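K.L.:
Here's a sequence, model it:
(one chain, ligands or ions: 1)
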Amino acid sequence: MSRIVYVNGEYLPEEEAKVSVFDRGFLFADGVYEVTSVLGGKLIDFEGHKIRLQRSLDALDMSAPEAMDDLLEIHRELVARNEIVDGLVYLQVTRGAPSDRDFAFPGDDVKPTLVLFTQSKPGLAESPVAKVGIKVISIEDIRWGRRDIKTVQLLYPSMGKMMAKKAGADDAWMVEDGAVTEGTSNNAYIVKGNKIITRGLSNDILHGITRAAVLRFAREAQMEVEERDFSIAEAKEADEAFITSASTFVMPVVSVDGVELGDGKPGRVAPRLREIYLEESLKTAI
Ligand code: PDD
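P.N.:
Alright, predicted model coming up:
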């Protein structure tokens, strides 16, 4: 069965879906996106992703697509048409396709481009990787200064994943002025004693939707949370570490730059938080 994708108001087989070569997402990475996970056919944290999408659009002075109020329906329709049980829905909005390449933003006559597609990932919540954890390396964070906006400028994060792969690791944590900002596509945490430590919110990192939920659940479970900078040296000394994102939920980190944390296996806190996150977010999935 060919996958059905959504482009500017139409549901089409993926082979028939088209976007202009003049689209500013293609030429200037002038676009924003969201990734929402699907478990048991339902969307996790949909409202949070929709609110952040609006925030990204506002920050870039980009018009919302006409279908902004129909996004839930479109997500659900794609999940249904593609028979997604576990997986994700990817959504991208760009500043549209003017008639020529021009650095200046086009006028209001150019409408934003809206594209959504699904990716099926059976058994997403039962990932065997979560049982063993992932290894991260550290790399310099050389991205632009508005990482709180979820833009499609993902070249450096892609390069970071490749650097990790080359080093025999799974992902990279980016470091700026001696402190970890975030993972290439996730937020980063360490655990020392009973304390969960993660960088505070600013323009330096993406305000993860999973991060917000996990910190809320952690506090509700009487776990101590400290939002502050931490270094790679501190991470190497931590009892455990983990990452969060819509596609990995809570994923234990078992080594940093080749140094094993604890006994090199997922600790107590990350697996527990993963359990709580999955249980609680399934209750509000729509
Ligand atoms: N990435 N930080 C960065 C740089 C990210 O790209 C992401 C998400 C996160 C976590 O945000 P959330 O919890 O809202 O997914 C943090 C998505 C999953 C991606 O690019 O595929």
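K.L.:
wait, what's in contact with the nearest residue to Ser99 once chain neighbours are set aside?
P.N.:
Using CB to CB, 6 or more residues apart in numbering and skipping the chain neighbours, the partner closest in space to Ser99 is Phe22 (6.7 Å). To be clear about C-beta, it is placed using only N, CA and C from the backbone, and glycine gets the same treatment. Phe22 sits next to Ala97, Pro98, Ser99, Asp100, Arg101 when contact means CB atoms under 8 Å, 6 or more residues apart in numbering.
K.L.:
count of neighbours near the residue lying closest to the second one once chain neighbours are set aside?
P.N.:
Translated: Pro98. Of all residues not flanking Pro98 in the chain, Pro106 sits nearest, at 3.9 Å (CB to CB, 6+ apart). For Pro106, the count of nearby residues is 17 (other CB atoms under 10 Å).
K.L.:
Surely Ala285 is in contact with Gly40?
P.N.:
Yes: when contacts are counted by CB atoms under 8 Å, Ala285 is listed as touching Gly40 (7.2 Å).
K.L.:
Between these two, which is the more surrounded one?
P.N.:
Shown here are Ala285 and Gly40; by other CB under 10 Å, Ala285 has more neighbours (16 against 10).
K.L.:
Now do the same for that one: helix, strand or coil?
P.N.:
At Ala285, secondary structure determined by DSSP: H, G, I helix; E, B strand; the rest coil is coil.
K.L.:
per-residue confidence averaged over the strand or helix carrying Ile196?
P.N.:
Using DSSP states H and E, Ile196 maps to strand 195-198. For strand 195-198, mean pLDDT rounds to 98.
K.L.:
so, in contact with the ligand or not, it?
P.N.:
No: Strand 195-198 is not in contact with the ligand by CB under 6 Å from any ligand atom; minimum separation 11.0 Å.
K.L.:
Kindly state the beta-bridge partners for Tyr11.
P.N.:
Beta bridges link Tyr11 to Tyr6 when assigned by DSSP bridges.
K.L.:
and it, what is it in contact with?
P.N.:
Tyr11 neighbours (CB under 8 Å, 6+ apart): Ile4, Val5, Glu77, Leu78, Arg81.
K.L.:
In helices, which of those residues appear?
P.N.:
Mapping those onto helices (DSSP state H) picks out Glu77, Leu78, Arg81.
K.L.:
The second one - nearest residue in space that isn't next to it in sequence?
P.N.:
For Leu78, ignoring the flanking residues on the chain, the nearest one in space by CB to CB, 6+ apart is Thr118 at 5.1 Å.
K.L.:
was I right about that neighbour contacting Glu83?
P.N.:
No: if you go by CB under 8 Å, Thr118 and Glu83 don't touch, sitting 9.3 Å apart.
K.L.:
And the two? Which one has more around it.
P.N.:
More crowded of Thr118 and Glu83, by other CB under 10 Å: Thr118, with 21 against 11.
K.L.:
any idea which helix or strand carries that one?
P.N.:
Going by DSSP H and E, Thr118 is in strand 113-120.
K.L.:
Could you export that strand as PDB, CA atoms only?
P.N.:
Output of strand 113-120 as PDB, limited to C-alpha atoms (Å, rounded to 0.1, in the frame of the first residue of the first chain):
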ATOM      1  CA  THR A 113       3.100  25.300   2.300                       C
ATOM      2  CA  LEU A 114       1.800  22.600   4.600                       C
ATOM      3  CA  VAL A 115       3.000  19.100   4.400                       C
ATOM      4  CA  LEU A 116       2.300  16.200   6.700                       C
ATOM      5  CA  PHE A 117       3.300  12.500   6.500                       C
ATOM      6  CA  THR A 118       3.400   9.500   8.700                       C
ATOM      7  CA  GLN A 119       6.100   7.000   9.600                       C
ATOM      8  CA  SER A 120       5.100   3.600  11.000                       C
END
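K.L.:
right, and the secondary structure at the residue nearest to Ser99 would be what?
P.N.:
coil.
K.L.:
Next one: it from His207, what distance?
P.N.:
To His207, Phe22 is 31 Å away according to CB to CB, to the nearest Å.
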